[in-house]
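In: I'll drop the sequence and a predicted model, then ask my questions.
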Amino acid sequence: EDQVTQSPEALRLQEGESSSLNCSYTVSGLRGLFWYRQDPGKGPEFLFTLYSAGEEKEKERLKATLTKKESFLHITAPKPEDSATYLCAVQGGSARQLTFGSGTQLTVLP
Amino acid sequence: DAGVTQSPTHLIKTRGQQVTLRCSPKSGHDTVSWYQQALGQGPQFIFQYYEEEERQRGNFPDRFSGHQFPNYSSELNVNALLLGDSALYLCASSLGTSGGDTQYFGPGTRLTVL
């Protein structure tokens, strides 16, 4: 059974204070690891898909990396508008569904 | 380019009632997945529809059923509602022809069961 654990559960940063969110996973035959951003009461917004260890992707202040056991979402010089819950999900084996972690709730203070 | 749309936005029902939620996929997508998200948790997979058939199902009772139409839109039906069915219901669309396909989510339907 695929499993995803995200840490920390909550993170408070000052504007401009860089940090990283962790996503540890176990999956039989990784087909994709996905990062989403979710604002309160809204649907998850797609950020990145990573397919193999060593892969990295960037978008504005966000950079996602992948190893065989975990993924990191690095946030460089965050702004208050980056405040949201960040979700990590995996798809593995013959499964079509995404298995999600519980998310990291990020708050960036001005 | 229209993204994934869902209706209604909010819904209030009482225990024992039945509910139908609707989803239109992103343009060009042929696969629809449904997820249930409880407060403070990640989404949980309910089932996925492709070519008008249920292709995969998560650990949900058969009170949860669905349908996909020829235009790829989909419905989620929940019978005999329980208080524990209160959640945000999310629809996601993707191209179903290969693995590792990115799923794009709609805004969700907030269901409250009283």
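Out: That came in fine, so what should we check first? Numbers count the residues shown, from 1 in each chain, chains lettered A, B, ... in the order given.
In: The residue of chain A found nearest chain B pairs with what?
Out: Of the residues in chain A, the one nearest chain B is residue A:100, at a distance of 3.1 Å by CB to the nearest CB. To be clear about C-beta, it is placed using only N, CA and C from the backbone, and glycine gets the same treatment. Here residue A:100 sits in beta bridges with residue A:89, going by DSSP bridges.
In: residues contacting the nearest residue to residue B:78 once chain neighbours are set aside?
Out: Once flanking residues are discounted, residue B:78 sits nearest to residue B:19: 5.1 Å by CB to CB, 6 or more residues apart in numbering or on different chains. For residue B:19, the contacting residues are B:11, B:13, B:77, B:78, B:81, B:111, by CB atoms under 8 Å, 6 or more residues apart in numbering or on different chains.
In: among those, who's most crowded?
Out: Among those, residue B:78 has the most neighbours (other CB atoms under 10 Å in any protein chain shown), with 24 neighbours.
In: beta partners of that one?
Out: When bridges are called by DSSP bridges, residue B:78 pairs up with residue B:19, residue B:64.
In: Can you give me the pLDDT of it?
Out: Among the per-residue scores, residue B:78 shows a pLDDT of 98.
In: roughly how far apart are residue A:21 and residue A:91?
Out: The spacing between residue A:21 and residue A:91, counted by CB to CB, to the nearest Å, is 19 Å.
In: tally of neighbours for residue A:19?
Out: For residue A:19, the count of nearby residues is 15 (other CB under 10 Å).
In: I misspoke; the intended subject was residue A:25.
Out: 23.
In: separation between it and residue A:39?
Out: Distance, residue A:25 to residue A:39, by CB to CB: 24 Å.
In: Which pLDDT value does the model give the residue nearest to residue B:78?
Out: According to the model, residue B:19 scores 98 on pLDDT.
In: Can you give me every residue that contacts residue 28?
Out: As the question left the chain open, I've gone with chain A. So residue A:28 contacts A:2, A:92, A:93 (CB under 8 Å, 6+ apart).
In: Chain B is the one I meant
Out: Residues near residue B:28 by CB under 8 Å, 6+ apart: residue B:95.
In: Close to chain B: what parts of chain A are there?
Out: Counting by CB under 8 Å from any CB of the partner chain, chain A comes close to chain B at A:4, A:31-32, A:34, A:36, A:41-46, A:49, A:51, A:87, A:89, A:91, A:95-103.
In: How about residue A:29, nearest residue that isn't a chain neighbour?
Out: Distances taken as CB to CB, 6+ apart put residue A:93 closest to residue A:29, at 4.7 Å, once the chain neighbours are dropped.
In: ok, back up a step: pretty sure the residue of chain A closest to chain B sits against residue A:89.
Out: Yes: between residue A:100 and residue A:89 there is a contact under CB atoms under 8 Å: 4.5 Å.
In: Show me the common contact partners of these two, please.
Out: Common neighbours of residue A:100 and residue A:89 (criterion: CB under 8 Å, 6+ apart): A:4, B:42.
In: Just give the number of residues close to residue A:12.
Out: 13.
In: brain fart, residue A:77
Out: That count, for residue A:77 with other CB under 10 Å as the rule, works out to 12.
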